[in-house]
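Colleague: Got a predicted structure here, sequence first:
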Amino acid sequence: MTAKNITWHQGISYEERISLRGQKGYTLWFTGLSGSGKSTIACALEELLLKKKYSVYRLDGDNIRFGLNKDLGFSEDDRNENIRRISEVSKLFADSCAISITSFISPYLKERNNARLLHEEVGLPFIEIFVDAPLHIVEERDPKGLYKKARAGEIKEFTGISAPYEKPVNPEIHIKSDENTIEESVDIIYKYLLDKKLL
Ligand SMILES: Nc1ncnc2c1ncn2[C@@H]1O[C@H](COP(=O)(O)OS(=O)(=O)O)[C@@H](OP(=O)(O)O)[C@H]1O
Ligand SMILES: Nc1ncnc2c1ncn2[C@@H]1O[C@H](COP(=O)(O)OP(=O)(O)O)[C@@H](O)[C@H]1O
């Protein structure tokens, strides 16, 4: 059931907040297969930005599923609900003038696009970062042993094996984690943000 009789309360605008806080807020949306390097690169970027005194916070797929989204599994519907909620949370962080870094597989184009629309319709920048690595590489890395379990049929609906991953069509940043080192990837993103005057 949806709520009725509710009215939007307009508080301080995003522009006013930027001028008072002295920092722009936006979402850096990482997407890619499990093991592609989303968390590793996102974490290194977060540390760099924190050391430079930016307000930044990272929302991570595994971690969020321990709390806010612990009622969700990995069916298509549950993944879509997972991403819908995270899109809303990330938008709130961005609106608060923080740099919000999300690190979710987010395998469906439609949901990622919805996340973008949610931001862009209110003027919040949304930067999609595709962390790309071929399946055979992420399977070799298998940092959590999940691909092995998925191949053995112990995990159902595993992205890349028994569930789809729809690649981004036109991401703002395309990282190839089988070619770029972690440091190079962080540098690519940092330079992009500087170039777009987002830092
Ligand atoms: N079936 C299945 N498919 C994919 N991934 C699985 C699955 N089961 C558990 N895991 C673990 O959950 C992490 C992915 O959660 P996400 O919230 O990012 O997934 S999604 O965006 O809703 O598709 C993912 O984390 P990352 O490896 O960091 O991507 C896995 O550790
Ligand atoms: N160039 C690279 N970029 C990112 N991660 C890399 C790279 N080379 C090796 N790795 C390793 O791959 C693994 C990626 O795991 P993780 O960051 O958890 O991926 P994801 O969050 O996409 O599931 C880590 O163990 C990391 O050290």
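Modeller: Happy to help now that I have it. Computed from a predicted structure; not experimentally measured. Ligands and ions are numbered 1, 2, ... in the order given.

Colleague: Residue 166 and residue 108 touch, don't they?
Modeller: Yes - in this structure, residue 166 is within contact of residue 108 by Cβ atoms under 8 Å, at 5.7 Å. To be clear about C-beta, it is placed using only N, CA and C from the backbone, and glycine gets the same treatment.

Colleague: more crowded one of these two?
Modeller: residue 108 (17 against 13; other Cβ atoms under 10 Å).

Colleague: residues from this structure in reach of ligand 1?
Modeller: Residues of the chain found near ligand 1 (Cβ under 6 Å from any ligand atom) are 34-35, 39, 61-62, 65, 74, 79, 82-83, 104-107, 144, 146, 155, 157-159, 163.

Colleague: I'd like to know which of these are buried.
Modeller: Neighbour counting with 16 or more other Cβ atoms under 10 Å marks 34-35, 39, 61, 65, 74, 79, 82-83, 104-107, 146, 155, 158-159, 163 as buried within the residues of the chain next to ligand 1.

Colleague: Show me what from the chain comes close to ligand 2.
Modeller: 32, 34-41, 103, 141, 143, 177, 180-182, 185.

Colleague: Select from those every entry located in strands.
Modeller: residue 103 (DSSP state E).

Colleague: and whichever helix in the chain runs longest, which residues are buried?
Modeller: Secondary structure of the chain per DSSP state H: the longest helix is helix 76-95. Using 16+ other Cβ under 10 Å as the test for burial, helix 76-95 gives 79-83, 86-87, 89-91, 93-95.

Colleague: Just want the residue of the chain that's nearest ligand 2.
Modeller: Among the residues of the chain, residue 37 lies nearest to ligand 2; the distance is 2.6 Å by Cβ to the nearest ligand atom.

Colleague: confidence score at that residue?
Modeller: pLDDT for residue 37: 98.

Colleague: Identify the spatial nearest neighbour of it, chain neighbours not counted.
Modeller: Excluding the flanking residues, the one nearest residue 37 by Cβ to Cβ, 6 or more residues apart in numbering is residue 177, at 4.0 Å.

Colleague: For stretch 108-122, C-alpha coordinates in CSV please.
Modeller: C-alpha atoms of stretch 108-122 as CSV (Å, rounded to 0.1, in the frame of the first residue of the first chain):
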residue,chain,number,x,y,z
TYR,A,108,20.3,-4.8,-15.2
LEU,A,109,20.5,-1.8,-17.6
LYS,A,110,17.0,-0.7,-16.7
GLU,A,111,17.6,-0.4,-13.0
ARG,A,112,20.9,1.4,-13.5
ASN,A,113,19.2,3.8,-15.8
ASN,A,114,16.4,4.4,-13.3
ALA,A,115,19.2,5.2,-10.7
ARG,A,116,20.6,7.7,-13.2
LEU,A,117,17.2,9.3,-13.9
LEU,A,118,16.4,9.6,-10.1
HIS,A,119,19.6,11.7,-9.8
GLU,A,120,19.5,13.7,-13.0
GLU,A,121,15.9,14.7,-12.7
VAL,A,122,16.8,16.8,-9.6
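
Colleague: I appreciate the help and will end here.
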